[in-house]
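Participant: Predicted model follows, preceded by the sequence.
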Amino acid sequence: MYSLTNLAANLAPVASIPLHHKTRKIAALTSPDRRVSSVKRIIECVPNFSEGRDLAVIRQITDVIESVQGIQLLDVDPGESTNRTVVTFIGEPGPVKEAAFRAVQKAADLIDMSKHSGEHARFGATDVCPFVPVAGATMEDCAQAAREVGQRIGEELGIPVYLYENAASTPERQNLATVRSGEYEGLAKKLAKPEWTPDFGPAEFNAKSGATAVGAREFLIAYNINLNTTDRRYANEIAYEIRERGRWKREGNTSPFYYKGDVVYFEDGKFPDGNSDFVAGSFTELAEHYSKNYGGDLRLRYESIGLDPDNLSGRPVYKDGKFDHLKAIGWVVEDYQCAQISINLTNYKVTSMHHAVDASRELAAERGIVITGSEVVGVVPFDAMRRSGHHYLKGMMKSTGIPARDIVTTAVQSLGLSDVAEFDIDKKVIGLPMQDGPLVNMSVAGFVDEVSRDTPAPGGGSIAALSGAIGSALASMVTNLSVGKGEYDERYEDLCSLAERAQEVKDALLHAVDEDTEAFNEVIAGIRMPKDTEDQLAVRSEAIRAGYKTAAEVPLRTAKLCREVLDLCQGAADIGNAAVMSDAGVGALMARAGVQGAIHNVRINLPHTGDPEFVERISAKLGTLLSESKAICDSIQEQVERSFARL
């Protein structure tokens, strides 16, 4: 069912929200752990259950989801007419998979499909269960999650399971509508066909639970664009132009408002092209013209909108919409006193928010309409915000190598996301890269005081990582201060790439500040283990040695990152911007100190590992890191000195 209302996320902890009280407005996301660390893999699961009327049943299903540690339940959306509830939750892959299975299991216990009726297509108690990459996770991660959960559902619950979309076992099963064709009422006959043997579970009709489609798909963004009018026709005018489905072709009085023209229909022997004045004598001729000029399959195009290409006489001709993976319709929101173009972006990697709003602004201006802003309904992946932020930064010839929050802020301002309601970045953006370690979130004075205390950690390893992070920040600063100056415009793309990488390395080194302290904590934990018996002593010794290995490997990674920072500082110095050459030099000195300091921490921990082979392997890498770092740093300092001489 296409309904943005069903996707509007009510983001307060669901346990505190009565299920009958659903509104369009976004409630506060109050849990601090919704801010996702840059090192976590976050996926979303959006199971649809064939129960939308009995709130007690729905509550039992959501309770088992919330019983899994590490799960954030974002939305519960029951529909009475559809007798269907859409649930949305996120977390790392392990907890999400477990929560999904428990939910399907509970639904199988509580929902009897033989008694189900509703307006929405369905064939199971848990009708669909898609997994969606959100942050740090790939589509393959989600496809694997779908396969694992699907197998458990089939084997442990005895429910036929079909994999669909990006998890599909065959191309014929990618489309959910095809997989679900025949619905529950036709499932017994479908299961009897060899070509519809389930991917998992028995090829037998389960009268109570039906079947479940488990898949992997892209994140769906519910996105609305605001107009300076309350006329729904104007919102539809733009929505029909940009949506994938397109609109009826019209002629006559079509400018500036296309909807005022007369609809063009197919006739016997007359097959007009929806996008031009070309008229074919047959559908075959028209399809050939369409393929040649637009690169598409016209038969599939008309079938996708519910029309039979072999029986088009008397049917309206369709004009193509501007964008793929975009569904849209116009409506009026009384609370906001404006009309909106209500949009579902089904694959933001193909068509994202900036594509939709930029095109809408152009179309609106042609019609004397003003786009006042837009809103995200629910939550949005950081990657989508990053793409939009980069789009607008590049349009201004500004650097894209800036902190993640700055990129998101650019997107918020450019898209007008605070037009009708506040857009709180921490509550609305899933997967926003951030540092969640206790050390890096201290004040400068607090961190320095913490280092100075009579505890072994944080120590030199954390300081080395911080030194490298500062060096990378300076490389980014030098680059960003050069972007926008006319003499460097031809190098814009290269400078952005340099600054972007400097930001990535900076963030990795900031993470290493806490990681180094956590690594040494493994040693301390081993030392504190009981040592009263020989067995306890043996276990304790092994734990201490393993801890020291970790305590050596972590600063080695820091040293390698600091070594890369020197390359970034070299790139920054090579820009030749004399005004900030000294900053490139300081960055290099900080990075070299990071390399040397990190290696000190590797060397002091190596002898305690008790593993000569490990010691030899690690030690072999240290000399090269030191010599290369010195050479690059010295070269940069020479460049800095030459720049001083020219002042």
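Facilitator: Structure received. Residues are numbered from 1 along each chain as shown.
Participant: Now do the helices in the stretch 351-500 of the chain.
Facilitator: All helices of the stretch 351-500 of the chain, identified by DSSP state H, counting those that start in this stretch, fall at 353-366, 382-395, 404-415, 425-428, 444-452, 460-482, 492-527.
Participant: Identify each buried residue in the longest one, please.
Facilitator: In other words, helix 492-527. In terms of neighbour count (16 or more other C-beta atoms under 10 Å), helix 492-527 has its buried residues at 492, 495-496, 498-520, 522-523, 526. Just so you know, the C-beta spots here come from the backbone N, C-alpha and C atoms, and that holds for glycine as well.
Participant: quick one: the helices in the stretch 501-647 of the chain?
Facilitator: Going by DSSP H, counting those that start in this stretch, the stretch 501-647 of the chain shows helices at 534-574, 581-605, 612-645.
Participant: got those as TSV, with mean neighbour count columns?
Facilitator: As requested, these are exported to TSV (neighbours: other C-beta atoms under 10 Å):
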stretch	mean neighbour count
helix 534-574	20
helix 581-605	23
helix 612-645	14
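Participant: In a markdown table, list those helices along with distance to S181 and mean pLDDT.
Facilitator: Listed next are those as a markdown table, based on distance: least, C-beta to C-beta, whole Å; pLDDT from 0 to 100:
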| stretch | distance to S181 | mean pLDDT |
| --- | --- | --- |
| helix 534-574 | 51 | 95 |
| helix 581-605 | 59 | 97 |
| helix 612-645 | 58 | 95 |
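Participant: can the ones you listed go into CSV with extra columns for distance to T88?
Facilitator: Below are those laid out as CSV (distance: least, C-beta to C-beta, whole Å):
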stretch, distance to T88
helix 534-574, 36
helix 581-605, 42
helix 612-645, 45
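Participant: And the ones you listed: which comes nearest T126?
Facilitator: Of all these, helix 534-574 sits nearest to T126, with 41.6 Å by C-beta to C-beta.
Participant: Run the chain-centre distance for the closest one.
Facilitator: 30 Å (C-alpha atoms, centre = their mean, to the nearest Å).
Participant: so where's the chain uncertain?
Facilitator: 1-39 (pLDDT under 70).
Participant: wait, which of the helices of the stretch 351-500 of the chain is closest to G437?
Facilitator: Among the helices of the stretch 351-500 of the chain, helix 492-527 comes nearest to G437, with 2.9 Å by C-beta to C-beta.
Participant: check which helix or strand covers the residue most central in space within the chain.
Facilitator: When C-alpha atoms, centre = their mean is applied to the chain, the residue found nearest the centroid is V134 (3.3 Å). Element membership of V134 [criterion: DSSP states H and E] is strand 126-135.
Participant: and that strand, which strands flank it?
Facilitator: Applying DSSP bridges, strand 126-135 is found paired with strand 42-45 (antiparallel), strand 48-49 (antiparallel), strand 212-216 (parallel).
Participant: and those strands as JSON lines, adding distance to R102 and mean neighbour count?
Facilitator: Formatted as JSON lines, the strands paired with strand 126-135 follow (distance: least, C-beta to C-beta, whole Å; neighbours: other C-beta atoms under 10 Å):
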{"stretch": "strand 42-45", "distance to R102": "11", "mean neighbour count": "25"}
{"stretch": "strand 48-49", "distance to R102": "13", "mean neighbour count": "26"}
{"stretch": "strand 212-216", "distance to R102": "14", "mean neighbour count": "28"}
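Participant: In a markdown table, list those strands along with distance to A620.
Facilitator: Formatted as a markdown table, the strands paired with strand 126-135 follow (distance: least, C-beta to C-beta, whole Å):
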| stretch | distance to A620 |
| --- | --- |
| strand 42-45 | 37 |
| strand 48-49 | 55 |
| strand 212-216 | 42 |
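Participant: so which of those strands gets nearest N601?
Facilitator: strand 42-45 (31.2 Å).
Participant: Tabulate the CA atom coordinates of the closest one in CSV.
Facilitator: Only the C-alpha atoms of strand 42-45 are listed here, as CSV (Å, rounded to 0.1, in the frame of the first residue of the first chain):
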residue,chain,number,x,y,z
ILE,A,42,23.2,-0.4,11.6
ILE,A,43,20.4,-2.1,9.7
GLU,A,44,16.7,-1.6,9.8
CYS,A,45,13.9,-4.2,9.7
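Participant: contact partners of it?
Facilitator: Strand 42-45 has contacts (C-beta atoms under 8 Å, 6 or more residues apart in numbering) with 36, 74, 88-93, 96, 99-100, 129-137, 141-142, 145, 219, 430-431.
Participant: which ones are touching the nearest residue to K630 once chain neighbours are set aside?
Facilitator: Sequence neighbours aside, R592 is the residue nearest to K630 in space, at 6.9 Å (criterion: C-beta to C-beta, 6 or more residues apart in numbering). Counting by C-beta under 8 Å, 6+ apart, R592 makes contact with 562, 566, 629-630, 632-633.
Participant: From I544, how far out is R592?
Facilitator: Per C-beta to C-beta, to the nearest Å, R592 is found 32 Å from I544.
Participant: Where do the helices of the stretch 101-250 of the chain begin and end?
Facilitator: Under DSSP H, counting those that start in this stretch, the stretch 101-250 of the chain gives helices at 139-157, 176-179, 187-191, 232-242.
Participant: most neighbours per residue, which of the ones you listed?
Facilitator: helix 232-242 (a mean of 22; mean count of other C-beta atoms under 10 Å).
Participant: and that helix, how far out from the chain's middle?
Facilitator: 28 Å.
Participant: what's the angle from it to helix 353-366?
Facilitator: 130 degrees (axes from the mean of the first three to the mean of the last three C-alpha atoms, to 10 degrees).
Participant: and helix 232-242, what does it pack onto?
Facilitator: With contacts taken as 3 or more C-beta pairs under 8 Å, 6 or more residues apart in numbering; DSSP states H and E, helix 232-242 sits against strand 221-227, strand 326-333, strand 338-345, helix 353-366.
Participant: got JSON lines for those, with distance to V380 and mean neighbour count too?
Facilitator: Below are the helices and strands packed on helix 232-242 laid out as JSON lines (distance: least, C-beta to C-beta, whole Å; neighbours: other C-beta under 10 Å):
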{"stretch": "strand 221-227", "distance to V380": "6", "mean neighbour count": "25"}
{"stretch": "strand 326-333", "distance to V380": "15", "mean neighbour count": "20"}
{"stretch": "strand 338-345", "distance to V380": "9", "mean neighbour count": "24"}
{"stretch": "helix 353-366", "distance to V380": "8", "mean neighbour count": "20"}
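Participant: Pipe the ones you listed into CSV and attach distance to G201 per row.
Facilitator: Converted to CSV, the helices and strands packed on helix 232-242 look like this (distance: least, C-beta to C-beta, whole Å):
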stretch, distance to G201
strand 221-227, 32
strand 326-333, 32
strand 338-345, 31
helix 353-366, 39
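Participant: Go through these and name the closest to T372.
Facilitator: Go through the helices and strands packed on helix 232-242 one by one with C-beta to C-beta and the one that ends up closest to T372 is strand 221-227, at 4.8 Å.
Participant: what lines up beside the closest one in the sheet?
Facilitator: strand 338-345 (antiparallel), strand 371-377 (antiparallel).
Participant: what would those strands look like in TSV with distance to N293?
Facilitator: Output for the strands paired with strand 221-227, formatted as TSV (distance: least, C-beta to C-beta, whole Å):
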stretch	distance to N293
strand 338-345	27
strand 371-377	30
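Participant: Select, out of those, the one closest to A356.
Facilitator: Comparing those under C-beta to C-beta, the one sitting nearest is strand 338-345, at 5.8 Å.
Participant: now the closest one and strand 326-333, what's the angle there?
Facilitator: 160 degrees.
Participant: Quick one: work out the angle between strand 338-345 and helix 382-395.
Facilitator: Going by the same axes, to 10 degrees, strand 338-345 makes 110 degrees with helix 382-395.
Participant: can you list contacts of strand 338-345?
Facilitator: Residues from elsewhere that reach strand 338-345, judged by C-beta under 8 Å, 6+ apart: 2, 4, 7, 220-232, 234-235, 238-239, 242-243, 325-333, 351-353, 356, 360, 372, 420.
Participant: repeat for stretch 185-200
Facilitator: 123, 150-151, 153-155, 160-163, 169, 172-173, 181-182, 203-205, 210-211.
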